[in-house]
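Trainee: can't give you the sequence, but here's the structure:
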């Protein structure tokens, strides 16, 4: 997957939104549909963003299913650290 600046910016934004939605708690499962409302992303872009962030161990997939392939995700400690560093 080719990753450019715009993609990285969207990934950072997703991580920041996720961090806010779960109040930096790694146990909270955030519905992917709620992220979609905040990001205004299409399905394929969101799938790519989530796969990218999971590959970097910044999020974990908590459940599979639903219209966006993933039902719920959780932020990891590494993801919280990264999100807070960007604020």
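Mentor: Now that the structure is in, tell me what you want to look at. Computed from a predicted model, the values in this text were never measured in an experiment.
Trainee: longest helix anywhere in this protein?
Mentor: Longest helix in the chain, counting residues (DSSP state H): helix 5-21.
Trainee: would you point out the helix or strand in the chain whose mean pLDDT is lowest?
Mentor: For the chain, the helix or strand with the lowest mean confidence is helix 32-39, at a mean of 88 (criterion: mean pLDDT, DSSP states H and E).
Trainee: please enumerate residues in contact with stretch 77-87?
Mentor: 12, 15-16, 18-19, 24, 26, 53, 56-59, 75 (C-beta atoms under 8 Å, 6 or more residues apart in numbering). C-beta: built from backbone N, CA, C; applies to glycine.
Trainee: report the two of these separated the most.
Mentor: 12 and 26 (18.6 Å; C-beta to C-beta).
Trainee: elements contacting the least confident helix or strand of the chain?
Mentor: On a contact count with 3 or more C-beta pairs under 8 Å, 6 or more residues apart in numbering; DSSP states H and E, helix 32-39 meets helix 5-21, helix 43-55, strand 70-75.
Trainee: change it to 7 Å
Mentor: Counting contacts by 3 or more C-beta pairs under 7 Å, 6 or more residues apart in numbering; DSSP states H and E, helix 32-39 packs against helix 5-21, strand 70-75.
Trainee: measure how buried residue 39 is and give me the count.
Mentor: Using other C-beta atoms under 10 Å, the number of residues around residue 39 comes to 16.
Trainee: where does the chain dip in pLDDT?
Mentor: 1-4, 86-87 (pLDDT under 70).
Trainee: would CSV of the contacts of stretch 77-87 with distance to residue 84 and neighbour count be doable?
Mentor: Formatted as CSV, the contacts of stretch 77-87 follow (distance: C-beta to C-beta, whole Å; neighbours: other C-beta atoms under 10 Å):
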residue, distance to residue 84, neighbour count
12, 12, 15
15, 10, 22
16, 9, 16
18, 12, 27
19, 7, 22
24, 7, 16
26, 13, 14
53, 15, 23
56, 16, 14
57, 16, 12
58, 12, 22
59, 15, 25
75, 11, 26
